[in-house]
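A.B. asks: have a look at this fold, sequence not included:
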């Protein structure tokens, strides 16, 4: 009788003990929100109302605090979800150092953008290097993988939202919250209409190995709708021309789709359905923001080069 094959260190846990229904927590406290599953358009509408209300109030301090707090919390939750996903394949990301480094990166971006103090990034790099020193005392047999996953989480999730901090000032040189909302709206347009077109007309699979339900028909239908939506919104985005909004829409269509596929690849590799359960019926923060994570850096590069920043 042949000897059983040794189990790989990256083999997912049995389904009975896997994190399918686990809820990430910080210091043992669950952060699940009690929300009924809303439609895809509830989130962009609420976000739009929030941003425009603050914009018309013209209270910079209020805008600053709300904007900072909202994305700071989202950043922490996203890092927690990523670390829980890594645990499924027995990778123990150092959550304390990962959250500390991610917080320092996000805060450094804020301080640099609004107060001109760029030395804050030195604290982020220092904390990142301390990950290795901390790992010496964790006595883990997978120290290399733990550090690699932790550092990748910072670039995958925290960096895009740090770049988002700079967007409100890039186009006109003054606070412009509409430019924050615009990429999110395009992503929600693309995701929603890609699903609708795919459900109705989908026949040719886009990437069956990673996401069997996505189709070329859905991708094309969602993309065309996103381009039209971007043109309709263009007159309301100060500082951006029709060409700019078309380019940004195209970036969302292409790189947003890649972001969606990459996160689907992560989940398929470790055999889980959702990254988390903070929004019942919608999965976790990573599930909702996977597209924007890949689109934001490219949008930032385009706007920075276009306006000579």
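C.D. replies: Received it, and whenever you're ready, just let me know what you need. On a predicted model such as this, the values are computed, not experimentally measured, just so you know.
A.B. asks: any idea what residue 206 is structurally, helix, strand or coil?
C.D. replies: strand (DSSP: H, G, I helix; E, B strand; the rest coil).
A.B. asks: spatially, what comes nearest to it if we skip its sequence neighbours?
C.D. replies: Spatial nearest neighbour of residue 206, chain neighbours left out: residue 214 (4.3 Å); criterion: CB to CB, 6 or more residues apart in numbering. In this view, the C-beta of every residue, glycine as well, is placed from N, C-alpha and C.
A.B. asks: equivalent analysis for residue 213, please.
C.D. replies: residue 198 (7.2 Å).
A.B. asks: related to what we said a few turns ago, isn't the residue nearest to residue 206 right up against residue 198?
C.D. replies: Yes. Contact criterion CB atoms under 8 Å: residue 214 and residue 198 qualify, at 6.5 Å.
A.B. asks: ok, back up a step: from residue 250, how far off is the residue nearest to residue 213?
C.D. replies: 19 Å (CB to CB, to the nearest Å).
A.B. asks: returning to that earlier point: not counting the helix or strand the residue nearest to residue 206 falls within itself, show me its contacts.
C.D. replies: Per DSSP states H and E: residue 214 is located in strand 211-215. Residues outside strand 211-215 that contact it (CB atoms under 8 Å, 6 or more residues apart in numbering) are 194, 198, 201-207, 260-261, 264.
A.B. asks: wait, which of those is closest to residue 273?
C.D. replies: residue 264 (10.6 Å; CB to CB).
A.B. asks: what's the host helix or strand of residue 300 packed up against?
C.D. replies: Element membership for residue 300 (DSSP H and E) is helix 285-306. Packing contacts for helix 285-306, counted by 3 or more CB pairs under 8 Å, 6 or more residues apart in numbering; DSSP states H and E, involve helix 60-87, helix 159-170, helix 178-201, helix 242-270.
A.B. asks: now these in TSV, with mean pLDDT?
C.D. replies: Shown next, in TSV, are those (pLDDT from 0 to 100):
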stretch	mean pLDDT
helix 60-87	86
helix 159-170	88
helix 178-201	90
helix 242-270	94
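A.B. asks: quick one, which of those helices is nearest to residue 276?
C.D. replies: Judging those by CB to CB, what sits closest to residue 276 is helix 60-87, at 4.4 Å.
A.B. asks: ok now the strand or helix carrying residue 227, how far from the chain's centre?
C.D. replies: Assessed by DSSP H and E, residue 227 sits inside helix 216-233. Distance of helix 216-233 from its chain centroid, counting by CA atoms, centre = their mean, to the nearest Å, is 21 Å.
A.B. asks: list the buried residues of it.
C.D. replies: Within helix 216-233, the residues scored as buried using 16 or more other CB atoms under 10 Å are 216-223, 225-227, 229-230, 233.
A.B. asks: identify the farthest-apart pair in those.
C.D. replies: 216 and 233 (25.7 Å).
A.B. asks: just to check, the residue nearest to residue 213 is in contact with residue 221?
C.D. replies: Yes. The criterion here is CB under 8 Å, and residue 198 meets it with residue 221 at 7.3 Å.
A.B. asks: neighbours around the closest residue to residue 205 other than its chain neighbours, how many?
C.D. replies: Nearest in space to residue 205, with sequence neighbours left out and distances taken as CB to CB, 6+ apart, is residue 215 at 6.0 Å. Residue 215 sits with 22 neighbouring residues when counted by other CB atoms under 10 Å.
A.B. asks: confidence score at residue 215?
C.D. replies: Note for residue 215: predicted pLDDT of 91.
A.B. asks: tell me the SS of residue 240?
C.D. replies: Per three-state DSSP, residue 240 ends up coil.
A.B. asks: these two touch, right, it and residue 167?
C.D. replies: No. Using CB under 8 Å, residue 240 is not in contact with residue 167; the gap is 11.0 Å.
A.B. asks: dump the residue contacts of the closest residue in space to residue 247 that isn't next to it in sequence.
C.D. replies: Closest residue to residue 247 apart from its sequence neighbours, by CB to CB, 6+ apart: residue 302 at 6.2 Å. Contacts of residue 302 were listed using CB under 8 Å, 6+ apart, and they are 247-248, 251.
A.B. asks: picking that back up, can you select the buried ones among the contacts of strand 211-215 for me in ChimeraX?
C.D. replies: Remark: buried members of these, expressed as a ChimeraX selection using 16+ other CB under 10 Å:
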select :194,198,202,206,207,260,261,264
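A.B. asks: looking at the contacts of strand 211-215, which is nearest residue 92?
C.D. replies: Using CB to CB, those come closest to residue 92 at residue 264, 23.9 Å.
A.B. asks: tell me the contacts of the closest one?
C.D. replies: By CB under 8 Å, 6+ apart, the neighbours of residue 264 are 210-211, 290.
A.B. asks: lovely, talk soon.
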